[in-house]
Every structure is written in structure tokens, then in C-alpha cells.
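1. model this:
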Amino acid sequence: MGPRVRRLAAVLLLAAAVVAAVAAARDEPRRGSQWDTVMSMLNCRSDSSLIPSYICSVIGKSRWGWGWGSDDPDEYTAPAEDPAPAAARRWPVMTSLNLSKYVDVLPQMQRIQGYNLWNGIPVPTSLNIGMYQKTWKFHRDMPPTPVFVYGESPEKATFPGPTIVARQGVWLDVKWENHLPDAHILPWDRTVPTAIPKNGGVPTVVHLHGGAHPPEYDGSAFAWYTRDFNETGPAWNRTTYRYPNVQAPGNLWYHDHALGLTRASLLAGLLAAYIIEKPEIEIPMNLPSGEFDLHLVIADREFYANGSIFMDTKGVVPNIHPQWNPEYFGMTMTVNGKAWPFLNVQRRRYRLRILNACNARYLDLRLSDGLPFHVIAADSSYLLAPVTVTHLVLSPAEIFDVIVDFSLSPTATEIELLNSAPYPYGLNGTPPDPNLDGKVMKFIVAPYAAQLDGTPDNSTVPEHGVPYANVSALPPTMMTRYIVLYENMTADNRTMNLYINGLRLEDPVTETPRSGTTELWHVINLTNDNHPLHVHLGTLQAIEMKELVDPLTFKNCMIKNNNTDACNLLQHAVGGTLPVPEEEKTWKNVVKVPPNFVTSVVVAFLLVETNQFYPFDATTEPGFVYHCHILDHEDNAMIRPLKLKKW
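-> Numbering: from 1, shown residues only. All right, here's what the predicted structure looks like:
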């Protein structure tokens, strides 16, 4: 057989194999995939390959090329100076104005029960949840988008992932399985501290945001692992995590937490909701339930015209960080994985668990007809009593649990959920476009006649919440700390990185609270951004926000000396006071820290519901962390270690 005939035969064989492999790859993890067979038959990397080099190149860079295993991480990870996936770079960024709004119905994610019932009694169980690459339709008129998603199987995996419903006091084992490809679908910057495996693969590790659990189950940024645990980070030590679910009932979420890759992997889709129930508290509240209890997971995105997620490939300071940018903002607002969806609602009360899953965008939400939100909980705790507001400001990673009574809208049949938060949120932000990121979704309210045949609404907005929400329910704080947020700039005023107390994650630990105590943290924001502070294991409650007088003088002194005493903090922290919003007066997973303010935060390292010690050892390795939850800030590198000491 001559060379030309051999090449033609190989190309025909390749075409048949690719069709079969692509069909399988849409629904199957990489392990055992047909791509390995194609690879071994055609030997695409060899100089004597049957396949012309340009065809090998196209396959390797295609949407499905991730199945070709590699021993060289650089072969499938573009270099830092140009890290965007090649297939996406050929397409322009999509103009989101061309997308019709409110044409896709709001989906609800699968709910997985995180416990079993034995004679009606909840007992522990175990789950296997994988991370997969597949495609997702964000909009009726968009091409399918490659995403990374959680699910019990490739077929069930969704954007966002399944909601886990746990029961307080009933532990749950979860084996988090990495079935991701050899290379990330989004660009990443190796010049920031990043998990970089030697043999290729996408490092991941799952963090249960707001969970109370031992350090070994926290999802340390250094506990990452690649597909099938082929390669692991320095803090990795187990395949299965056990969640005690001992904290107060409320709303949590889980997401990727691998070092330096959080912004890319959450943008790709590795995020989902988690609930801890306690019927003894919730049943007497008579809250909306069943089909009237909904999650709204809001995430902004930008897309290429071919449907791929857009992530800027040029850094704000490319000679220092070729790809990293201080914040990611997308003009397309998605809710539960759909761009500007709609939901048909009855004229009755609904419970809406609203999670801001944006990388950096704050949200200021209101309903277009003025209907109020009755806030019953914030993050992982109910309030002392419900609070009624007409708008809600959510930082990234913040959750508000609200009741909306659509029966109170006398005339409107279509109600928009709108956003008015500038971006970045802080000083000198840009207002949202009223036709793009200013819109979130639409509720279509049933007419009165239709409601007559509906199920009667026996739910209520409860009069009371929980007594432990009040910060005074806990004993006095035992330690005071000063936490200073810095933004390091170039001479031409571009962001290089962001630090806490002038230190990096890799620097020695300086925060070592005693397990079972509360502390007072004065968080001093010397940047232009509002930062959502998140403390792993600890629960937070802001009690005061005091403005800095002459902040520039204080900032210049702090940059030089990094010492609050030397820079006379007490003489500067004497400005006006911002009130803590009533809807935020409970135990939270994140608190907002406005620029040029000292925000005083009580941090509890105990179970706030019962004022008891954790029923596990919280002092083991690898410890915990605290950080800004703007993901681009966390990655570079507004994050510090936190290790608890025994009492």
C-alpha cells in the first residue's frame, strides 16, 4: 500500500472513530474513553504518524480533544503569554444584546437527599459526586457551551450542580471524583500561586462553603488532585470527605477550591447549593415548601460567538501577570444556568434561596413592581426575626433566603428581577446596562382566574426567627485582631496583587484562634473595592463600620510601615458610621468590607446555635484559611492561613 493510500485510509478511519468517540464523550468521563483507542491506532504524536500533522493539531485543540492523554502538561495547557484555548480564540466575543430575554424557563437543579431514613429516623449515608466536562445550553439561541459540572453521573451533571439536602446532626460521606480532562477549558495564569501538576490534568478540590468540619475535610487549596487521583497536592490525604452537619440550619454551597484556579473552575461551572435542614425549627415556621421553595443561583458570564465561555487572555499587567485580571464581569446574567430565564408563578408566597455565584460582581436586586423581599435568613443562619426590604445587596458568595408574596401584585403579570449594583462595587464603579446586566430574570404571575383553581396557600411569613442570631447570645470576645486589606499597584496605577496584612498564603500563619472562642476582628480596607470576607469554619457577624478620616495619609503610612499603632489607627477611625443592614444581623459565611472603612466583625469558632465546642478536633492539619471571596482576589493572593489552637 502506497503512502498516499495509507494516509487516505487513516483519515477515513479517523473520521469514523471521531464520530463515535465524540458521541460517547458527550456523556462519558474520560476514563476508558474511545479516544485512547483512536490515539493508539493513529499514534498522532509520533513523527511517523499516519495522520497529517495539521489534522492532529486540529483534533488536539478541538472541543473534544481533551480525551487524548498526555504526560506533558504544557502540551495541552497554553503558555502563560497566550493561555486561551485555541478553538475559542478564533471567535469574536458574543454581543449579548442579540439574545432575546425571558425565552428559557428557569430550571431547578436536582435535589439529592444527604441522609437515609430508617424507620423514619434520619441516618448517615454516602454519595459519589463527580466532576465532568460536557456541554450546556445557556440560551435557546446559543450554541452549546463546554463546561465543567458536578453530578452523580455525566448524564445527570448540571450547571450549577445538584443541591445536596443534609439533615442537622446526621453526617454525610461524599466521594468527590475528578473526571476532568487533561487541560482546563479556560485560560489560567501560572504566574500567580497555582496548583500545577507535573503530568497534566485539571487540579480540583471541593470546599463546602460555610461548613463546620475538621480541617482534613475542608478542601484545602493544597489538597487538590487530578483525574482518578493520578496526582495530588501536598495536603491531599483522602478520597472521601465526611461532613458532620453539626452547625445551625441554613444555606451553604460547595465549589472548587484548588490553588490559583478558583476563578477559572467556578467560571467553568464547578459550583452548587447545599442545605442543612432542621425540621424542629422549620416546620413551626410554616414556610413555602415543595415546588414553591426555589433556588436562584445567579452568575454573570461572557461568551464567544461559538458558545464558549469568554475569559480575558491578557492581564491588566501583562509583563507581571500575562493573564490575571483583578475582576471578572460578564454582561450576560444567568440564573440556574440559563441566560435571563423566566418563571411562571402562582399568586401565592414563594421561598427564594438567592445565591450570588458571580466571580466578582455584587448584586443589588429589586423587583420591578416594588414587591418586597421578606428576608428570613442570611447565609447559614435564620434571622432573629424576618426583615422586610425592597432591595437586597449580595456580595459574591452571599446568600439571602427570602419570601416573596406574588399575590400582593394587584396589576402586574410580569415582574422583572433587576440589578443596579455598579461594578466593581466600591469606589468609581460602572453602572450596569439596563438592557444587559441590569436585568436578571422575569416572573410571570398567573391571572386571578387561574389562581381560583390552584392549591390554597397555607404558608406564612413567620413572626419570629431564632434567638441565637443575636450577636449578644454568645460570650464576650477573647482576642482582638487587625486585618488589613492591601492592593499593590504599579507606578501607572494598575493592580499587581492583593494581600492581607502584607502577607501571602505561603507566609507563616499569624491567626491562631482558640477553638471554642469568639474573636473581634477589625478589618481595615485600604483598597477601592468592597471585599466579601470569608473565614473557613468560623461564622461572622459585622457589628460596626467606621469610616477612616484622611484615608490617603493612613494608607501611605500603612504601605510603608504595615503597623496600625505606628500609623495611629485610632486617630483615623473616627469618621461616620455605616449601620449594619438589619437583614445581615445574623451569623454569616461572608461579610462585606467597604473601602476606607474599619469593619468590626465578631468571628465565632464554635457552634453558635448552642454555644458549644465543635464535636471534632478543629486543630489538626492542614488547618483552614480566610480570604476575600472575589475569586480573582483570592487567587492573587488575598488569602491567608488560619490554624486553630486547643483550649
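2. rest of the way, CA atoms for contacts and neighbours
-> Will do.
3. just the strands in the stretch 251-400 of the chain please.
-> Ranges of strands in the stretch 251-400 of the chain, per DSSP state E, counting those that start in this stretch, are 271-277, 293-301, 332-335, 338-339, 342-345, 349-356, 363-367, 373-378, 381-389, 392-394, 399-405.
4. List the buried residues in the first one.
-> Along strand 271-277, the positions that meet the burial threshold by neighbour count (16 or more other C-alpha atoms under 10 Å) are L271, A272, A273, Y274, I275, I276, E277.
5. Could you give the bridge partners of the third one?
-> When you say that, I think you mean A273. Under DSSP bridges, the beta-bridge partners of A273 are W253.
6. which residues does it contact?
-> Contact partners of A273, counting by C-alpha atoms under 8 Å, 6 or more residues apart in numbering, are P160, G161, P162, T163, I164, N251, L252, W253, Y254.
7. Would you check how far apart it and A357 are?
-> Counting by C-alpha to C-alpha, to the nearest Å, the gap from A273 to A357 is 10 Å.
8. on that earlier part again, for the strands of the stretch 251-400 of the chain, could you give me a markdown table that also reports mean pLDDT?
-> Compiled in a markdown table, these are given as follows (pLDDT from 0 to 100):
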| stretch | mean pLDDT |
| --- | --- |
| strand 271-277 | 98 |
| strand 293-301 | 98 |
| strand 332-335 | 97 |
| strand 338-339 | 98 |
| strand 342-345 | 97 |
| strand 349-356 | 98 |
| strand 363-367 | 98 |
| strand 373-378 | 98 |
| strand 381-389 | 98 |
| strand 392-394 | 98 |
| strand 399-405 | 98 |
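9. would you turn the ones you listed into a markdown table with distance to Q247?
-> Shown next, in a markdown table, are the strands of the stretch 251-400 of the chain (distance: least, C-alpha to C-alpha, whole Å):
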| stretch | distance to Q247 |
| --- | --- |
| strand 271-277 | 8 |
| strand 293-301 | 21 |
| strand 332-335 | 28 |
| strand 338-339 | 32 |
| strand 342-345 | 33 |
| strand 349-356 | 18 |
| strand 363-367 | 27 |
| strand 373-378 | 14 |
| strand 381-389 | 9 |
| strand 392-394 | 22 |
| strand 399-405 | 16 |
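10. deepest of these, which one?
-> Of all these, strand 338-339 carries the top mean neighbour count, a mean of 28, counting by mean count of other C-alpha atoms under 10 Å.
11. Direction included, what does that one pair against?
-> Strand 338-339 is paired, per DSSP bridges, with strand 332-335 (antiparallel).
12. export the strand it pairs with as PDB, just CAs?
-> Output of strand 332-335 as PDB, limited to C-alpha atoms (Å, rounded to 0.1, in the frame of the first residue of the first chain):
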ATOM      1  CA  THR A 332     -24.900  38.000  30.400                       C
ATOM      2  CA  MET A 333     -26.800  37.200  33.600                       C
ATOM      3  CA  THR A 334     -27.600  33.600  34.200                       C
ATOM      4  CA  VAL A 335     -29.800  32.100  36.800                       C
END
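13. Show me where this protein has its helices.
-> Counting by DSSP state H, the chain has helices at residues 3-25, 34-42, 53-61, 73-76, 86-89, 262-268, 279-285, 448-451, 551-561, 569-572, 631-635.
14. Now the weakest link among these, please, by mean pLDDT.
-> Of all those, the segment with the smallest mean pLDDT is helix 73-76, scoring a mean of 29.
15. Could you measure from I275 over to L384?
-> 19 Å.
16. For R111, give me its contacts.
-> R111 touches P162, T163, I164, V165, counting by C-alpha under 8 Å, 6+ apart.
17. could those residues be laid out in a markdown table, adding distance to M545?
-> What follows is these, written out as a markdown table (distance: C-alpha to C-alpha, whole Å):
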| residue | distance to M545 |
| --- | --- |
| P162 | 37 |
| T163 | 34 |
| I164 | 35 |
| V165 | 35 |
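18. Okay, and which of those residues map to strands?
-> Among these, the members falling in strands are T163, I164, V165 (criterion: DSSP state E).
19. closest to K585 among those residues?
-> Using C-alpha to C-alpha, V165 comes nearest to K585 of those, at 24.7 Å.
20. Tell me which residue is most central in the protein.
-> A357 (4.8 Å; C-alpha atoms, centre = their mean).
21. Grab the nearest non-local neighbour of that residue.
-> Among residues not flanking A357 along the chain, A299 sits closest, at 5.0 Å (C-alpha to C-alpha, 6 or more residues apart in numbering).
22. Run through the bridge partners of that neighbour.
-> T334.
23. how close does it get to N497?
-> Taking C-alpha to C-alpha, one finds A299 at 24 Å from N497.
24. what does P431 give?
-> Taking C-alpha to C-alpha, one finds P431 at 25 Å from N497.
25. my read: A377 touches A248, true?
-> No - A377 lies out of contact with A248 (C-alpha atoms under 8 Å); the separation is 11.4 Å.
26. which residues do the two both contact?
-> Common neighbours of A377 and A248 (C-alpha under 8 Å, 6+ apart) do not exist.
27. Output stretch 269-277 as PDB, nothing but the C-alphas.
-> Only the C-alpha atoms of stretch 269-277 are listed here, as PDB (Å, rounded to 0.1, in the frame of the first residue of the first chain):
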ATOM      1  CA  GLY A 269     -19.300  25.700  36.400                       C
ATOM      2  CA  LEU A 270     -17.900  23.800  39.500                       C
ATOM      3  CA  LEU A 271     -20.500  25.200  42.000                       C
ATOM      4  CA  ALA A 272     -23.700  24.000  43.600                       C
ATOM      5  CA  ALA A 273     -26.000  24.500  46.600                       C
ATOM      6  CA  TYR A 274     -26.100  22.700  49.900                       C
ATOM      7  CA  ILE A 275     -28.900  22.800  52.500                       C
ATOM      8  CA  ILE A 276     -28.800  21.800  56.200                       C
ATOM      9  CA  GLU A 277     -32.400  21.200  57.400                       C
END
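28. Quick one: distance of that stretch to the chain centre.
-> Stretch 269-277 sits 10 Å away from the centroid of its parent chain (C-alpha atoms, centre = their mean, to the nearest Å).
29. try stretch 629-636
-> Computed by C-alpha atoms, centre = their mean, the chain-centroid distance of stretch 629-636 equals 11 Å.
30. again, but for stretch 278-288
-> The answer for stretch 278-288 is 27 Å, by C-alpha atoms, centre = their mean.
31. for that stretch, which positions count as buried?
-> The neighbour-count check on stretch 278-288 (16+ other C-alpha under 10 Å) flags M285, L287, P288 as buried.
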